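Engineer: Here is my input, please return the structure:
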Amino acid sequence: MDCSNHHLLHLLNQQVRILNKQINDKLKDFGLYTSQWSVLYCLYKNGPMTQTAIWQYLNVEAPTVTRTLTRLEEKGWITRKPGVDRRARIIQINESSFDQVADLADIIRTYEDEELLGLTKEEEHQLRSLLNRLGTKE
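Structural biologist: Okay, here's the model as predicted:
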């Protein structure tokens, strides 16, 4: 049987799709999708950031982050404020939404623990190490 990387990458992609679908189910009650949650979690973890810092951190295109931020702002999750540079915008979680984001982080963390339940600590460490190595070869 051919065990080329194409099959491995396809399997990885399929597993990510399944996990994202399950996370979307968890986020549905909050009116969010995984892409929106990624931005909120980035801000929760790192504090206020510029729009540029967010798309660089998430490794996505700037217009994608702009659309996501617009939706999150319309839903009242975030606020955009002028930065030091007139063109830069500082993005932060709304004070009124911060506790809800913390609750969501706990829900997602619990889900992650449940999904990794079958892995030993050594396997989890190995998976984390392998995932960090993917895509880093120049």
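Engineer: Could I get the full set of strands for the chain?
Structural biologist: Assigned by DSSP state E, the chain shows strands spanning 49-50, 78-82, 89-93.
Engineer: got TSV for those, with distance to K28, mean pLDDT and mean neighbour count too?
Structural biologist: Quick note: C-beta positions are derived from backbone N, CA and C, even for glycine. As requested, the strands of the chain are exported to TSV (distance: least, Cβ to Cβ, whole Å; pLDDT from 0 to 100; neighbours: other Cβ atoms under 10 Å):
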stretch	distance to K28	mean pLDDT	mean neighbour count
strand 49-50	26	95	18
strand 78-82	19	93	15
strand 89-93	20	95	18
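Engineer: Now distance to G31 too, for the ones you listed, in JSON lines please.
Structural biologist: Output for these, formatted as JSON lines (distance: least, Cβ to Cβ, whole Å):
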{"stretch": "strand 49-50", "distance to G31": "22"}
{"stretch": "strand 78-82", "distance to G31": "14"}
{"stretch": "strand 89-93", "distance to G31": "15"}
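Engineer: Looking at these, spot the one closest to S129.
Structural biologist: strand 49-50 (26.8 Å; Cβ to Cβ).
Engineer: list the helices and strands the closest one packs on?
Structural biologist: Here strand 49-50 touches strand 89-93, going by 3 or more Cβ pairs under 8 Å, 6 or more residues apart in numbering; DSSP states H and E.
Engineer: Go through stretch 100-113 and flag the buried ones.
Structural biologist: V101, L104, I108 (16 or more other Cβ atoms under 10 Å).
Engineer: Send me that stretch as CSV with only the CA atoms.
Structural biologist: In CSV, the C-alpha atoms belonging to stretch 100-113 read as follows (Å, rounded to 0.1, in the frame of the first residue of the first chain):
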residue,chain,number,x,y,z
GLN,A,100,-18.6,35.0,28.1
VAL,A,101,-15.4,34.5,26.2
ALA,A,102,-13.8,33.0,29.4
ASP,A,103,-16.7,30.6,29.7
LEU,A,104,-16.3,29.6,26.1
ALA,A,105,-12.6,29.0,26.6
ASP,A,106,-13.6,26.6,29.4
ILE,A,107,-16.1,24.8,27.2
ILE,A,108,-13.6,24.4,24.4
ARG,A,109,-10.9,23.3,26.8
THR,A,110,-13.2,20.6,28.2
TYR,A,111,-14.1,19.5,24.7
GLU,A,112,-10.4,19.3,23.9
ASP,A,113,-9.8,17.2,27.0
